[in-house]
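Student: sequence-free structure coming up:
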């Protein structure tokens, strides 16, 4: 069964607007970590933000924030004040203990974000 | 500068040939990973290693092999048994063996084309 689901293959947003990229996950472990990465057209993966399953507050990093709804198993990325440089693929990823170790890191299929003028 | 180096950036091989992709890190990380990315697709885990001389299959290990003889190095061999090897390959590492909150650091990737 797929553990990370990103249902939006592509999204458009106007410059200076906010956008939400969806991510749902599936795990039976009480302890897990959720990550978001950005992949520009050059191909490198850039870490954006982390949310732990026991964190009481939603994570924030500059213009990035995570809308973490534990009961719904969702961890949506919110980008505020979009910039042209935000155009990229965005991936949600998770670590859990299902393999007996937290080493395995599983990614979703990604959302391509295009910021327009 | 600390980081992960993948080489080469572009690689062309004839069908039926084995090819080895290099991944070296100087971050002193215990865990290392290989992912495959097809155009417009997500990252799929091929193999990962938590410690030297140990590695586990990921979700799509068939047709691939790895070794972890040194902490810094985690080469990936794409064998002739891999039916569709043309893809973008990403190597990553992360500190510690079982730290839930540690992100993975990625190399620049190797684009493999089999003709």
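Tutor: That came through, no problem. Quick caveat, the model's predicted, so the values are computed rather than measured.

Student: mind checking how far residue A:13 is from residue A:21?
Tutor: According to CB to CB, to the nearest Å, residue A:13 stands 10 Å off from residue A:21. Using the backbone N, CA and C atoms, a C-beta is placed for each residue, glycine as well.

Student: just the pLDDT for the nearest residue to residue B:53 once chain neighbours are set aside.
Tutor: Leaving out its chain neighbours, the residue that sits closest to residue B:53 by CB to CB, 6 or more residues apart in numbering or on different chains is residue B:68, at 6.1 Å. Per-residue pLDDT puts residue B:68 at 97.

Student: wait, does the lowest-mean-pLDDT helix or strand in chain A make contact with chain B?
Tutor: Lowest mean confidence among the helices and strands of chain A (mean pLDDT, DSSP states H and E): strand A:105-107, at a mean of 88. Yes: using CB under 8 Å from any CB of the partner chain, strand A:105-107 reaches chain B at A:105-107.

Student: in a markdown table: those, plus neighbour count.
Tutor: Shown next, in a markdown table, are the residues of strand A:105-107 next to chain B (neighbours: other CB atoms under 10 Å in any protein chain shown):
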| residue | neighbour count |
| --- | --- |
| A:105 | 23 |
| A:106 | 22 |
| A:107 | 23 |
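
Student: what residues are bridge-paired with the nearest residue to residue A:53 once chain neighbours are set aside?
Tutor: Of all residues not flanking residue A:53 in the chain, residue A:32 sits nearest, at 4.7 Å (CB to CB, 6+ apart). With DSSP bridges applied, residue A:32 shows beta-bridge pairing to residue A:96.

Student: one step back: so which other helices or strands are in contact with the least confident helix or strand of chain A?
Tutor: strand A:88-96, strand B:43-51 (3 or more CB pairs under 8 Å, 6 or more residues apart in numbering or on different chains; DSSP states H and E).

Student: so, low pLDDT: which residues of chain B?
Tutor: For chain B, the stretches with pLDDT under 70 are B:1, B:97-98.
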